[in-house]
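Novice: can you look at this prediction? I've put the sequence above it.
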Amino acid sequence: MSNNRDNSLGAFLKSARERTSPEQFGIKKGRRRTPGLRREEVAQLSDISTTWYTWLEQGRTTSVSAQLLARLAQTLKLSHAERHYLFKLANQLDKDEITQLSPQLEQHLLTLTETVSAPTYVMDRHWDLVAWNDECKKLFGGWLNTDKNKNLLRFLFLDPVAKTLISDWQQRAERLVAEYRADSVDWHYDKVHLALVDELTALSEDFKTAWSKQHVLPRKGGKRGFFHDGNECFYEQFTLRVADNLDMKMVILRPINESG
């Protein structure tokens, strides 16, 4: 049992239940004391006990599995945003959540990166680059102008160009691994995430060592150094979240006039 004073999960389930029409499930509305489905109907449609569902709405338990949440989301016909919210309230990972870019958002991101004069790129939750501008291609020319995989971590640890391009490579590499660990905490059961970590652990001793340290750091801006055309160039990094898809990040590298 739980004395959860902030019964946000129960309140959301109750609201969603009351918005669901019985007729959608072939249930005659008849005389009802409350709008929408009854608790026992939601429980039956979700293949759980009425007592357990009642406890969820009343905040008497917070022990709810991802599988049960998925069934409730289907029964209550939740939208993508509502389903995401439900899983977050229950502190559970939605393994079936789709985070791919819509064609419209992808085009918006491509257009936006092209309008920025500084090197700019957008990466998804797996740290795959999905958009970048010409300035970024110039800076990362040995990588982005090729058909090589566009994952930032693969580039950093598996492409020898990275060590010749990035100033203080060892320090930056260890920090990026710590940032990725923090960034991927919600996806620790994700198959793509697990495959990426396994691949890098097997192919890069540097990654294996950094990952084993269990360091966690926030992804934040700051001074970044690159070797470009024989000179060391410095940039101020800014990282922005994409509002329509919070798993996406836009990274802007603003040139700064410093020599050390």
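Specialist: That came through fine.
Novice: only C-alpha atoms from now on, for both contacts and neighbour counts.
Specialist: OK.
Novice: SS state for Glu232?
Specialist: Using DSSP: H, G, I helix; E, B strand; the rest coil, the structure places Glu232 in strand.
Novice: from Arg154, how far out is the nearest residue to it once chain neighbours are set aside?
Specialist: Once flanking residues are discounted, Glu232 sits nearest to Phe226: 5.6 Å by Cα to Cα, 6 or more residues apart in numbering. Distance, Phe226 to Arg154, by Cα to Cα, to the nearest Å: 18 Å.
Novice: before we move on, what about His228?
Specialist: Taking Cα to Cα, one finds His228 at 20 Å from Arg154.
Novice: need the phi and psi values for the residue nearest to Glu232.
Specialist: Here is the backbone geometry of Phe226 (degrees, to the nearest 10): phi -140, psi 150.
Novice: hang on, it packs against Ser167?
Specialist: Yes. Shown here, Phe226 and Ser167 form a contact pair, counting by Cα atoms under 8 Å, at 5.3 Å.
Novice: name the residues contacting each of these two.
Specialist: Common neighbours of Phe226 and Ser167, using Cα atoms under 8 Å, 6 or more residues apart in numbering, are Glu232.
Novice: who has more neighbours, these two?
Specialist: Phe226 (21 against 17; other Cα atoms under 10 Å).
Novice: just grab the bridge partners of the more buried one for me.
Specialist: In this entry, Phe226 is beta-bridged to Ile166, Cys233, by DSSP bridges.
Novice: what's near enough to touch it?
Specialist: With Cα under 8 Å, 6+ apart, Phe226 has these contacts: 165-167, 232-234.
Novice: how about these in CSV, adding pLDDT?
Specialist: Output for those, formatted as CSV (pLDDT from 0 to 100):
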residue, pLDDT
Leu165, 94
Ile166, 95
Ser167, 92
Glu232, 91
Cys233, 92
Phe234, 94
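Novice: how about the contacts made by Thr239?
Specialist: Thr239 touches 219-221, 249-252, counting by Cα under 8 Å, 6+ apart.
Novice: ugh, wrong one, I meant Asp124
Specialist: 130, 247-249.
Novice: biggest separation within those residues, which pair?
Specialist: Val130 and Asp247 (12.0 Å; Cα to Cα).
Novice: quickly note the distance from Asn128 to Asn149.
Specialist: In this structure residue 128 is Asp, not Asn. 8 Å.
Novice: same question for Ala173.
Specialist: Taking Cα to Cα as the measure, Ala173 falls 18 Å from Asn149.
Novice: tell me which of those two has more neighbours.
Specialist: Ala173 (20 against 13).
Novice: so the more buried one is in which element?
Specialist: Per DSSP states H and E: Ala173 is located in helix 169-183.
Novice: same thing with Ala195?
Specialist: Using DSSP H and E, Ala195 falls in helix 191-203.
Novice: and Asp247, by the same measure?
Specialist: With DSSP H and E as criterion, Asp247 is part of strand 245-256.
Novice: pull out the buried positions in that strand.
Specialist: Of all the residues in strand 245-256, those buried under the rule 16 or more other Cα atoms under 10 Å are 247-255.
Novice: and the next element down the chain from the helix or strand harbouring Trp52?
Specialist: Using DSSP H and E, Trp52 maps to helix 50-58. Under the assignment DSSP H and E, the closest C-terminal helix or strand after helix 50-58 is helix 66-75.
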